[in-house]
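[1] how does the following fold in three dimensions:
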Amino acid sequence: PAGCRMLAGHGVTARLLLLPGEADAGGFRAETVVTYGLSPRESITFSSLREPVLCVQRALPLVHGGLLEPQEFPLPGLTGAEGLLPCVGARLLWTGSPYSL
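    Now for the predicted structure:
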């Protein structure tokens, strides 16, 4: 959210934009907006934080083409998962899976 506030008014335009769900998307233009956060309304969230399970709620376009279908990815042993959500979301949109590479 702080980054969104810093960029507000700068006319950000993107093909694919990853935003925190609670951020104000005003001033941003994108072909596709993907939101992340702990709300079940977000595109990328967790279905569980106790034993972290990353949840892709809807089909998402990948940076290099193709789609990431809705699915869940268990992330055993990950602590502080909610703080890593922006990074994990960006990686998902880039690689399509947190298990590749």
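[2] what does stretch 49-67 contact?
    16, 32, 34, 38, 40, 42-47, 68-76, 78, 81-82, 88, 92-96, 98 (Cβ atoms under 8 Å, 6 or more residues apart in numbering). Yep, even glycine has a C-beta here, placed from its N, CA and C like the rest.
[3] are any of those residues buried, and which?
    Among these, those scoring as buried are 34, 42-46, 68, 73, 75, 78, 81, 88, 92-93, 96 (criterion: 16 or more other Cβ atoms under 10 Å).
[4] among the contacts of stretch 49-67, which lie within helices?
    Per DSSP state H, helices hold the following members of these: 81-82, 88, 92-95.
[5] now, which of these sits nearest Gly9?
    For Gly9, the nearest member of the ones in helices among the contacts of stretch 49-67 is Leu93. The distance, counting by Cβ to Cβ, is 25.0 Å.
[6] show me what contacts the closest one?
    Applying Cβ under 8 Å, 6+ apart, one finds that Leu93 lies in contact with 16, 18, 34, 60-63, 68.
[7] low pLDDT regions in the chain?
    In the predicted model of the chain, residues 98-101 satisfy pLDDT under 70.
[8] just checking, Ala8 touches Ala25?
    No: here Ala8 does not reach Ala25: they are 9.9 Å apart, not a contact under Cβ atoms under 8 Å.
[9] hang on, the earlier thing: quick one: the contacts of Leu93 as a markdown table, columns for distance to Gly3 too.
    Output for the contacts of Leu93, formatted as a markdown table (distance: Cβ to Cβ, whole Å):
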| residue | distance to Gly3 |
| --- | --- |
| Leu16 | 16 |
| Leu18 | 11 |
| Val34 | 15 |
| Leu60 | 20 |
| Pro61 | 21 |
| Leu62 | 22 |
| Val63 | 19 |
| Leu68 | 23 |
